[in-house]
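S.K.: Below are the sequence and a predicted model; questions follow.
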Amino acid sequence: MHLGQLTPAATKPATRTDSRMRPRSLAVAGGIVVAVLVAGMAVAGVGPLLQGLVDGLRLGLVIALAAIGLSLIFSTTGLVNFAHGSLVTFGAVMALYLNTMDGGPRLNLYLAALIAVCLGGIVAGFAEVAIFGPMRRANLPHLSLLVATIGLDMFGRNAILYFVGSRPRPFLAYQVQERIQIGGLSVAPRDLVMMALAVAALVGVAVMLQLTTLGRAVRAVADNGPLAEASGISTRFVYIAVWVIGGALAALGGIFHGMSEQVSWNGGFLLLLLMFAAVIVGGIGSAYGAMAGGILIGVVTQVSTLFLPSQLKNAVAMLVLILALLLRPQGLFGRKVRVG
């Protein structure tokens, strides 16, 4: 396997956008955000608006972490992974079990989170090796793989429900904290740590994609799989790698979401809608688009609760999705593709 032997054509990133389209992408994203911010400030005032921005950034970073895996898997394999929400829940539940639950080893949360992230990557890699890889090599229709992800998600959610139960559970040691007052903002220490770690993870993914041999291989396969394989890249290895990376990031996002909210058996499934919105708004198949789309969706969703009932915040995310697609169908960071 010679991942370093890439032709110039094969190394062209699938996520690269035409520089002439970037101003329009920024205008679309900026217009949506500004409209929501103006509405939030008009109804609630500056103080609540700033608090909503901080809370939205926290949610957006969680969505971005979880959505990267969806984007990487789609860009390399062409598969829309509906089981990704179960990976988010799995990470949160495993960390909770290792850290808090009766019968668990009661590990330090950082160690429990590290083990849960590794387990999330292993489970996702196993799914590719044992299920989707063989199905792909058997030349089964793409719809069959799609249905398999739905079945795997149903199995995962119900297995977690069976073993954990339906009662939401918090990370007890981090649930009640004295909040830090910064100006008019109120932030829990755990949220600051979570956001810092999430930013570090996103930067790490960007560095990996741009500067490492594996990252160049992933971008080459995303751009042109057959050409990348002809250049000496093992597409099978890349498929496994993106599943492992995506599963680990989904587990990390689930842990952060569980720390800021609570851990429930269907928490990842409820977050899945926002993940898909982030991927589509950012540009399907673009890892950087998933990052930007996640933060955009998180901020808009959270700020919208200042002037709308919180039960409608997912509907706001879908409205943003529709508007973004009407104005820029390929997404903020996607490329125009000629069909036909």
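M.R.: Structure's in. What do you need? Numbers count the residues shown, from 1 in each chain.
S.K.: I'd like the distance between Ala315 and Thr76.
M.R.: Using Cβ to Cβ, to the nearest Å, we find Ala315 at a distance of 32 Å from Thr76. Yep, even glycine has a C-beta here, placed from its N, CA and C like the rest.
S.K.: Same drill for those two, tell me which one is more crowded.
M.R.: Set side by side, Ala315 and Thr76 give different neighbour counts by other Cβ atoms under 10 Å, the larger being at Thr76 (26 against 13).
S.K.: what's that one in contact with, if anything?
M.R.: Contact criterion Cβ atoms under 8 Å, 6 or more residues apart in numbering gives 218, 221-222, 225, 235, 238-239, 242 as the residues in contact with Thr76.
S.K.: would CSV of these with distance to Ala92, secondary structure and pLDDT be doable?
M.R.: Formatted as CSV, the contacts of Thr76 follow (distance: Cβ to Cβ, whole Å; DSSP: H, G, I helix; E, B strand; the rest coil; pLDDT from 0 to 100):
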residue, distance to Ala92, secondary structure, pLDDT
Val218, 26, helix, 95
Val221, 30, helix, 94
Ala222, 29, helix, 92
Gly225, 33, helix, 90
Thr235, 31, helix, 94
Val238, 28, helix, 96
Tyr239, 25, helix, 97
Val242, 22, helix, 97
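S.K.: Most widely separated two among those residues?
M.R.: Spatially, the most separated pair among the contacts of Thr76 is Gly225 and Val242, at 12.1 Å (Cβ to Cβ).
S.K.: what about the two, which has more around it?
M.R.: For Gly225 and Val242, the more surrounded residue by other Cβ under 10 Å is Val242, and the numbers stand at 28 against 18.
S.K.: roughly how far apart are the more buried one and Leu72?
M.R.: Computed with Cβ to Cβ, the distance linking Val242 and Leu72 is 4 Å.
S.K.: Equivalent analysis for Arg58, please.
M.R.: Computed with Cβ to Cβ, the distance linking Arg58 and Leu72 is 23 Å.
S.K.: same check, this time on Ala35
M.R.: Counting by Cβ to Cβ, the gap between Ala35 and Leu72 amounts to 31 Å.
S.K.: for Leu109, same thing?
M.R.: Noted for Leu109: a distance of 27 Å to Leu72, by Cβ to Cβ.
S.K.: swap in Val117?
M.R.: Here Val117 is placed at a distance of 16 Å from Leu72 (Cβ to Cβ).
S.K.: what about these two, which has more around it?
M.R.: Here Val117 and Leu72 are compared on neighbour count by other Cβ under 10 Å; more neighbours surround Leu72, at 26 against 23.
S.K.: Overlap in contacts, Val242 and Leu72.
M.R.: Taking Cβ under 8 Å, 6+ apart as the contact definition, Val242 and Leu72 share the neighbouring residues Val218.
S.K.: Can you show me the strands along the chain?
M.R.: When secondary structure is read from DSSP state E, the chain shows strands at 180-182, 185-187.
S.K.: Could you single out the most deeply buried of those?
M.R.: Mean neighbour count (mean count of other Cβ atoms under 10 Å) peaks for strand 185-187 among those, with a mean of 15.
S.K.: what comes into contact with stretch 109-119?
M.R.: Identification of contacts with stretch 109-119 by Cβ under 8 Å, 6+ apart yields 90-92, 94-95, 98-99, 107, 171, 173-174, 248, 251-252, 255.
S.K.: Please, a ChimeraX command that selects the buried ones among these?
M.R.: Buried subset of the contacts of stretch 109-119, written as a ChimeraX selection, criterion 16 or more other Cβ atoms under 10 Å:
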select :90,91,92,94,95,98,99,107,171,174,248,251,252,255
